[in-house]
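Novice: what would the 3D arrangement of this be:
(chains A and B)
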Amino acid sequence: KNQVEQSPQSLIILEGKNCTLQCNYTVSPFSNLRWYKQDTGRGPVSLTIMTFSENTKSNGRYTATLDADTKQSSLHITASQLSDSASYICVVSEAAGNKLTFGGGTRVLVKP
Amino acid sequence: KAGVTQTPRYLIKTRGQQVTLSCSPISGHRSVSWYQQTPGQGLQFLFEYFSETQRNKGNFPGRFSGRQFSNSRSEMNVSTLELGDSALYLCASSLSGPVGSPLHFGNGTRLTVT
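Specialist: Numbering: from 1, shown residues only, chains lettered A, B, ... in the order given. Reported below is the predicted structural model:
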């Protein structure tokens, strides 16, 4: 069964600090991996999309990495801001079957 | 370019009733997919429509149904509501489908079943 596991479930960081979120998946065959940011009461917004051949992709202070061999991805937030407080969801696309598998998300709280 | 619009934003219904949710995709997007989000289960795929045809369906009972119109707008219907149907329902539009092209989500409809 295809699964996407995210860790930690939640974390609290101080404004200005960095943090890294993890995503491990078993989805096969792999098509792409996406990171979304979801603010409370809003729909998810795409941060990055990575295919098999991409190791790193950045979007401002967000940097995602992908190791397709170990089926792991990480999302690094640099110099966190209060507006980074949100849930971050990892989504993996299956190449066959046209399906997405969602991780449970990591809730990040940035404190001043 | 206007984003994905979902209406209504909030709904309160009673067990046994039915409900219809609406989604207007980004102009030019032919794929609309629907998702249920709950604290316990996270995001779960309901179904996807492309050019008025359902292309894919998740593991939800037949009480959950949808349709897509010729202008790509989509509706989702839930009949015989149960307490467990309380959730945030999100729709997302994309050019060619959820797997092959970026998803653009609406802000959802918060459904509460009492």
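Novice: show me which residues of chain A sit near chain B.
Specialist: Within chain A, the positions lying close to chain B (C-beta under 8 Å from any C-beta of the partner chain) are A:31-32, A:34, A:36, A:41-46, A:49, A:89, A:91, A:93-95, A:98-100, A:102-105. C-beta here means a position set from N, CA and C on the backbone, and glycine is covered the same way.
Novice: show me which helix or strand of chain A is least confident by mean pLDDT.
Specialist: None of the helices or strands of chain A scores lower by mean pLDDT, DSSP states H and E than strand A:99-102, at a mean of 88.
Novice: okay, buried residues for it please.
Specialist: Residues A:Lys99, A:Leu100, A:Thr101, A:Phe102 are the ones in strand A:99-102 that count as buried (16 or more other C-beta atoms under 10 Å in any protein chain shown).
Novice: re earlier: which among the residues of chain A next to chain B count as buried?
Specialist: The buried subset of the residues of chain A next to chain B - by 16+ other C-beta under 10 Å - is A:31-32, A:34, A:36, A:43-44, A:46, A:49, A:89, A:91, A:93-94, A:99-100, A:102-105.
Novice: ranges for the strands of the chain?
Specialist: No chain specified, so I'll use chain A. For chain A, strands defined by DSSP state E occupy the ranges A:4-7, A:10-14, A:19-25, A:30-38, A:45-51, A:56-59, A:62-67, A:72-77, A:86-94, A:99-102, A:106-111.
Novice: my question was about chain B, not that one.
Specialist: Using DSSP E, strands in chain B cover B:5-7, B:10-13, B:19-24, B:31-38, B:42-50, B:53-57, B:64-68, B:74-78, B:87-94, B:104-105, B:109-113.
Novice: what's the closest of those to A:Ser73?
Specialist: Between A:Ser73 and these, the tightest spacing by C-beta to C-beta is seen for strand B:42-50, at 16.8 Å.
Novice: could you list the paired strands of that closest one along with their orientation?
Specialist: Strand B:42-50 sits in its sheet next to strand B:31-38 (antiparallel), strand B:53-57 (antiparallel), going by DSSP bridges.
Novice: thank you kindly, that will do.
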